[in-house]
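Novice: Provide a 3D model corresponding to the input given below.
(one chain, ligands or ions: 1)
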Amino acid sequence: MAVIAVAGGTGGVGKTIVDVLTQEAKHEVIVLTRKAMSLYAFIYRNPSNGPQIQENSPILSRAKQVEVNYKDVSALTQTLNEHKVHTIISAISLYSEDDSEAQLNLIRAAEDAPETKRFMPSEYSFIQTEDLLPLDPSIKYFLDAANLLKSSRLHYTRVIPGFFMDYWGMPHTKTNLSPMTIAVDMGSCEAAIPGDGDDGIAMTYSYDMARFIARLLETDAEGWGEFSGVVGDRVTYNRLVGIGEKIRGRKFKVVYDSADKVKQGAVTVPRQPVGNGYSQEDMVEATALMDRLVIGKVFEFPAAIQSKEGEVLDLVKVEQFVREAWDGRA
Ligand SMILES: NC(=O)c1ccc[n+]([C@@H]2O[C@H](COP(=O)([O-])OP(=O)(O)OC[C@H]3O[C@@H](n4cnc5c(N)ncnc54)[C@H](OP(=O)(O)O)[C@@H]3O)[C@@H](O)[C@H]2O)c1
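Specialist: Okay, the predicted model is just below:
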């Protein structure tokens, strides 16, 4: 049984990966966590949720949690050696230099740990390349990790699912992601859409992506490409509104923000759900970023992105997903 370490396994994406891997029981799964700081981080990110402690999570109770200090590379290497970690899956959030440095140190530590052979860096979005830096400067953090991995002896692949479908099933769908409404609000039957609403968007349910990762773990890493794409469905915001109107049985109130407005950051923020702890200012910034990316067509994935491991999985389509979450609800 190979040991798989999920760094940031306490977070939304990481916990989903831990849930799937521990149910398969093919690997021994450990979670790397800063632990002592994580309670503070959780409250800070999500104040309305109150002081929940990660150890109480039924998902995390199925994996051993190992406390690490991402600032100390040699101690990290020692931990990887001690637990005979074969593969690292990072799901560390990458919003700052500090977050990025933590992941870079983990890669450096993995390079020095002889039993550690494979590394999936935290990505789980679109194909982030240098030419897109003007659209989203935080792409730098993802590129720095990819470049460091490229120069290492480690096998790696960057997992690319597009948007997570979960956002259009919340709060009724099973998900570990933080509550957020993006563009189309299935609850209030309203939408705030960038551009003309016809830009293509690849999306995948987070649990389908986790199943895809589990399959990738079964393959020979020699064959891993730079990117491993998994696409549950391809839609546009207009189509998502159409699906919502059909399932919710009523007309949606839709506002379109022109490309110029999006460029200026003057975006309409859709109504946010209970549990979204972000300030209005943060939500304007996040919405403007996501809108720029959608209008920039970064979610219009080429067909070639789809890896063969995903093709054999029965990935949920958007209409079915929204129907399962919203059908028959008031
Ligand atoms: N495509 C999409 O729709 C989508 C949506 C959401 C996220 N994502 C991507 O998925 C990845 C994970 O996101 P997430 O929302 O799951 O993240 P998250 O829940 O905000 O955080 C994940 C974990 O990262 C660890 N962490 C945070 N700051 C850290 C630091 N400075 N040093 C070390 N560890 C740190 C924390 O674990 P500990 O406190 O236990 O150490 C935390 O639980 C990111 O790359 C994000 O961009 C994609």
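
Novice: Which residue comes closest to residue 152 once chain neighbours are left out?
Specialist: Counting by C-beta to C-beta, 6 or more residues apart in numbering, residue 111 is the residue found nearest to residue 152 once chain neighbours are left out, at 4.7 Å. For every residue, glycine as well, the C-beta is placed using N, CA and C.

Novice: Correct me if wrong: that neighbour contacts residue 151.
Specialist: No - Residue 111 sits out of contact with residue 151 when judged by C-beta atoms under 8 Å, with a separation of 9.2 Å.

Novice: who's more crowded, the two?
Specialist: Between residue 111 and residue 151, counted using other C-beta atoms under 10 Å, residue 111 has the larger neighbour count: 18 against 9.

Novice: on that earlier part again, what separation do you get for the residue nearest to residue 152 and residue 180?
Specialist: 35 Å (C-beta to C-beta, to the nearest Å).

Novice: Quick check: phi and psi on the residue of the stretch 151-300 of the chain found nearest the ligand?
Specialist: Proximity of the stretch 151-300 of the chain to the ligand (C-beta to the nearest ligand atom) peaks at residue 164, 3.8 Å away. Here is the backbone geometry of residue 164 (degrees, to the nearest 10): phi -80, psi 130.

Novice: all strands for the stretch 1-150 of the chain, in order.
Specialist: 3-7, 28-33, 64-67, 85-90, 118-120 (DSSP state E, counting those that start in this stretch).

Novice: residue nearest the centroid of the chain?
Specialist: By C-alpha atoms, centre = their mean, the chain has its centre lying nearest to residue 124, at 4.4 Å.

Novice: which residues does that one contact?
Specialist: The contact partners of residue 124, by C-beta atoms under 8 Å, 6 or more residues apart in numbering, come to 13, 91, 159-161, 164, 209.

Novice: Buried subset of those residues as a PyMOL selection?
Specialist: Burial among these is assessed by 16 or more other C-beta atoms under 10 Å; the matching PyMOL selection reads:
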select buried, resi 13+91+159+160+161+164+209
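
Novice: In TSV: the contacts of residue 124, plus pLDDT and distance to residue 142.
Specialist: Output for those, formatted as TSV (pLDDT from 0 to 100; distance: C-beta to C-beta, whole Å):
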residue	pLDDT	distance to residue 142
13	98	14
91	98	13
159	98	12
160	98	11
161	98	14
164	98	16
209	98	16
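
Novice: a markdown table for the contacts of residue 124, including distance to residue 259?
Specialist: Converted to a markdown table, the contacts of residue 124 look like this (distance: C-beta to C-beta, whole Å):
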| residue | distance to residue 259 |
| --- | --- |
| 13 | 30 |
| 91 | 33 |
| 159 | 30 |
| 160 | 25 |
| 161 | 26 |
| 164 | 24 |
| 209 | 30 |
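
Novice: Would you check which pair of the contacts of residue 124 lies furthest apart?
Specialist: Largest separation among these by C-beta to C-beta: 91 and 160, giving 14.2 Å.
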